[in-house]
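Engineer: Let me see the structure of the following:
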Amino acid sequence: MKIVTVIPGDGIGPEVVESALRVLEALGTDLAPDVLDHVNAGTYRREGTALSEADFARIAASSATLLGAVGDPSLEHTDYVRSVLLRLRLGFDLYANYRPVRLWHDRLSPLRDAAHRGIDCAIVRENTEGLYSGVGGAVHPSSPWETAIDADVSTHHGVSRILDFAFSVARHRVCMVDKANAVRSGGSLWQRCWEAAAGRHPGVAASHLYIDAAAMRLVTDPGSFEVIVTNNSYGDILSDLAAALAGGIGLAPSASLNGTTGFGLFEPVHGTAPDIAGTGTANPLGAILSAALLLEHLGYDDEARAVRLAVGGAVAAGRVTPDLGGTLGTADATAAVLAAL
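Structural biologist: Residues are numbered from 1 along each chain as shown. This is a model prediction of the structure:
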């Protein structure tokens, strides 16, 4: 038996996680969920922390973690989200954020040229450094002389290992994205590490684009990419753009991984969506596809394939939520996947 810790979180998180758990249960595997439904904004407001040391130990003892979403508009200016997400990413050194993107049906693409709609790629994003590392500060706050600095941190170790990870998940080609022509110091480090990584993986075609050119290429010819590897902030932006090209963020799964220890955190890309929380209209497919990534990561390849086929069948039949052009609520959209499964 393998224990999977589950953090439903806030907003629509508990709703979509329930859908994912129903799918996992239907597969009849030996996975056993350990649900931490108290790790949320309510706990943070009452106790000043949401993820305790005991919670962290339970997660560490598990095989993987499934997360719904964390965040609360009333806590926007606190460190609540960082205290959960960054604690997990940094505590388990989940340096590789892997976001596969696939167009599940032609009708979902916003691109008018049918020949260029077939996106099927992965964004590999460095997950522990970059602009989101929290290095920086401000002086003279809330005054005309306020100066704010956020440092874009890149290390040789961090850049090298994310590049190697990207090559490890690619079959044919990897494109590294940076802005070395404008961001000189970090760009030079990425370029040198890229040249070395490409030399270590001669069987995979290596190419390079600046971030602005990569964004344009994603829109004009998304099918030309297989694996894109980039830093934290660029990867955040490109993966959301790629998700939009594949039908929307409600379909987008992700995995935050440590390529050495094998531990992984799996979550839909979407946030807590407080505007629709409790309405029963949240799209469960991002969470269900994140569960498929979890299955695959733990060695349940056939089950992961079955889940993706079931999702594809439900999407093709139009048995989906309104954001994908359907009329179903969360529960009925989940039932459609279970029926296809």
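Engineer: so who does S207 touch?
Structural biologist: 173-176 (CB atoms under 8 Å, 6 or more residues apart in numbering). Using the backbone N, CA and C atoms, a C-beta is placed for each residue, glycine as well.
Engineer: Just the buried residues of those residues.
Structural biologist: Among the contacts of S207, those classed as buried by 16 or more other CB atoms under 10 Å are 174-176.
Engineer: Mind telling me what element the residue most central in space within the chain is part of?
Structural biologist: Against the mean C-alpha coordinate of the chain, by CA atoms, centre = their mean, the closest residue is S254 at 2.9 Å. S254 is located in strand 253-257, with elements delineated by DSSP states H and E.
Engineer: what's that strand packed up against?
Structural biologist: If contacts are counted by 3 or more CB pairs under 8 Å, 6 or more residues apart in numbering; DSSP states H and E, strand 253-257 sits against strand 96-102, strand 264-268, helix 285-297.
Engineer: check contacts around L324.
Structural biologist: Neighbours of L324 in contact, by CB under 8 Å, 6+ apart: 108, 247-248, 250-251, 283, 285, 315.
Engineer: cutoff 7 Å now
Structural biologist: Applying CB atoms under 7 Å, 6 or more residues apart in numbering to L324 gives the contacts 108, 247-248, 250, 283, 315.
Engineer: Helices along the stretch 101-250 of the chain, start to end?
Structural biologist: Per DSSP state H, counting those that start in this stretch, the stretch 101-250 of the chain carries helices over the ranges 156-169, 184-200, 211-220, 232-245.
Engineer: Would you mind checking the average pLDDT for the shortest one?
Structural biologist: Over the span of helix 211-220, the pLDDT mean works out to 96.
Engineer: got it, and stretch 103-118?
Structural biologist: Mean per-residue pLDDT for stretch 103-118: 88.
Engineer: likewise stretch 243-260?
Structural biologist: On average, the pLDDT along stretch 243-260 is 95.
Engineer: So what would you say the end-to-end distance of that stretch is?
Structural biologist: Between the opening and closing residues of stretch 243-260 there is a gap of 28 Å (CA to CA, to the nearest Å).
Engineer: can you check stretch 100-118 too?
Structural biologist: 13 Å.
Engineer: and A198, what does it touch?
Structural biologist: For A198, the contact set (CB under 7 Å, 6+ apart) comprises A206.
Engineer: how about 10 Å then?
Structural biologist: Taking CB atoms under 10 Å, 6 or more residues apart in numbering, we find A198 in contact with 163, 167, 174, 176, 204-208.
Engineer: Of the residues you listed, which belong to strands?
Structural biologist: Among the contacts of A198, the ones falling in strands (DSSP state E) are 174, 176, 205-208.
Engineer: out of these, who's nearest V6?
Structural biologist: V174 (32.6 Å; CB to CB).
Engineer: Specify the beta-bridge partners of the closest one.
Structural biologist: Bridge pairing for V174 (DSSP bridges) gives the partners A206, V227.
Engineer: Correct me if wrong: it contacts V227.
Structural biologist: Yes - applying CB atoms under 10 Å as the test, V174 and V227 come out as touching, 4.7 Å apart.
Engineer: Next, show the common contact partners of those two.
Structural biologist: Both V174 and V227 are in contact with 122, 124, 166-168, 204, where contact means CB under 10 Å, 6+ apart.
Engineer: Now do the domain split for the protein, please.
Structural biologist: 1-95+252-341, 110-245 (automatic domain parsing).
Engineer: got the contact list for D323?
Structural biologist: Contacts for D323 (CB under 10 Å, 6+ apart) come out as 108, 247-251, 270, 276, 281-283, 285.
Engineer: Mind telling me the two of those farthest from one another?
Structural biologist: So, those by CB to CB: farthest apart are L108 and I276, at 19.2 Å.
Engineer: for stretch 16-31, what is the average pLDDT?
Structural biologist: Stretch 16-31 comes out at a mean pLDDT of 97.
Engineer: Enumerate the positions of that stretch that are buried.
Structural biologist: 16-24, 27, 31.
Engineer: Restricted to helices, list those.
Structural biologist: Among the buried residues of stretch 16-31, DSSP state H puts 16-24, 27 in helices.
Engineer: Of these, which is the nearest to R184?
Structural biologist: R184 has its nearest neighbour among those in V16, at 42.1 Å by CB to CB.
Engineer: Make sure the closest one is actually in contact with G271.
Structural biologist: No - V16 is beyond contact range of G271, at 11.2 Å (criterion: CB under 10 Å).
Engineer: who touches both of these two?
Structural biologist: Joint contacts of V16 and G271 (CB under 10 Å, 6+ apart) are 9, 69.
Engineer: can you pull the contacts of the closest residue to T49 other than its chain neighbours?
Structural biologist: Closest residue in space to T49, ignoring its immediate chain neighbours: S83 at 6.6 Å, by CB to CB, 6 or more residues apart in numbering. Counting by CB under 10 Å, 6+ apart, S83 makes contact with 44, 48-51, 70.
Engineer: Confirm S83 sits in a helix?
Structural biologist: Yes - assigned with DSSP: H, G, I helix; E, B strand; the rest coil, S83 falls within a helix.
Engineer: Thanks a lot, catch you later.
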